[in-house]
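Asker: Can you look at this prediction? I've put the sequence above it.
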Amino acid sequence: MGGQSETLHQVVGDIEETLHFTGQINTQGGGFCSIRSPVEGGLPSDTTAIRVSFQGDGKTYKFLLSDGNKAAFGPSRRSPSWQADLPTKKDGEETTIIPLSSLTPSVIGGPVSTEVKLDPTQVKELGFMLSLKLSNGEPNPVETFGSGIFPFSLKIRSIEAIRASEKA
C-alpha cells in the first residue's frame with residue numbers, strides 16, 4: 001500500500017465466501033493499495049485465461065499475477081508482474097475473462113518491454129490493486145479512480161483458471 005492509504009481485507013459470508021478488499025486511498029504521498037495471495041503450486045500449464053467474478057464500486061482496479069520474485073537488483077533481479085485493468089460498475093455482480101495473452105508485464109508499477117513470457121506454472125502470487133496508473137502506464141482517470149482522499153470497495157466472489165480444453 002502506498003503512503004497514507006489504508007486497507008482492510010476480510011472473507012465474509014457463511015455459504016458463499018467473498019473476499020472484501022476495502023479501504024481509503026490518500027493521493028497525497030501515495031495513491032495505491034494492493035492485496036496479494038500465494039498461489040500454491042502455480043497455475044495449470046495449459047491455463048489460457050482467468051475468470052474473475054466480482055462486485056465493484058465504479059473504479060478501475062488491476063488484476064495481477066507474479067512469480068513472487070521481488071529482488072530489485074543482482075542475479076535475482078525482479079521479474080515482471082503481469083497486469084490487466086479490471087473496470088468495475090457501481091452496482092451488481094460482474095464476471096470477466098482475462099486472457100493471459102492480454103496481460104501487460106510491469107515492474108514497480110510501470111509497463112516494461114521484455115522477452116520474458118508468462119509461464120502459468122511459475123505463478124506464485126495473484127492480487128488486485130487500485131492505483132493512480134492503469135496497466136499501460138497511463139493515469140487512471142479521476143472518474144474511475146478518484147482524487148484526494150476517498151474510499152474504495154471490491155468484493156471478489158471467485159477466481160478460476162480457464163484451461164485450453166475448456167470453453168470460456
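Answerer: It's in. Residues are numbered from 1 along each chain as shown.

Asker: low-scoring stretches of the protein, by residue?
Answerer: Residue ranges of the chain with pLDDT under 70: 1-6, 8, 13-15, 70-78, 167-168.

Asker: Could you pull out the strands in it for me?
Answerer: 6-12, 18-26, 32-38, 47-55, 60-66, 81-87, 93-99, 104-107, 110-111, 125-131, 149-163 (DSSP state E).

Asker: now the angle from the fourth one to strand 18-26?
Answerer: For strand 47-55 and strand 18-26, the angle between their directions (axes from the mean of the first three to the mean of the last three C-alpha atoms, to 10 degrees) works out to 70 degrees.

Asker: How about the contacts made by the most centrally placed residue in the chain?
Answerer: Residue closest to the average C-alpha location in the chain (C-alpha atoms, centre = their mean): F63, at 2.3 Å. Contact analysis of F63 by C-beta atoms under 8 Å, 6 or more residues apart in numbering lists 50, 52, 83-86, 98, 126-128. C-beta here means a position set from N, CA and C on the backbone, and glycine is covered the same way.

Asker: In these, find the pair that's most separated.
Answerer: Maximum pairwise distance in the contacts of F63, criterion C-beta to C-beta, is 15.3 Å, between D85 and L126.

Asker: Next, format the strands of the chain as CSV and append distance to K117.
Answerer: Formatted as CSV, the strands of the chain follow (distance: least, C-beta to C-beta, whole Å):
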stretch, distance to K117
strand 6-12, 30
strand 18-26, 29
strand 32-38, 21
strand 47-55, 13
strand 60-66, 12
strand 81-87, 10
strand 93-99, 14
strand 104-107, 9
strand 110-111, 15
strand 125-131, 18
strand 149-163, 17
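
Asker: coming back round to it: among the contacts of F63, who's most crowded?
Answerer: Q83 (26 neighbours; other C-beta atoms under 10 Å).

Asker: What's opposite it in the beta bridge?
Answerer: L64, T104 (DSSP bridges).

Asker: what do you get for F21?
Answerer: Once the bridges are assigned, which here means DSSP bridges, F21 pairs with H9, L154.

Asker: My read is that it contacts V12, right?
Answerer: No: using C-beta atoms under 8 Å, F21 is not in contact with V12, being 11.1 Å away.

Asker: between these two, which one's more packed in?
Answerer: Using other C-beta under 10 Å, the more surrounded residue of F21 and V12 is F21, with 22 against 10.

Asker: what's the more buried one in contact with, if anything?
Answerer: Contacts of F21 (C-beta under 8 Å, 6+ apart): 7-9, 33, 35, 128, 152-156.

Asker: Perfect, that will be all.
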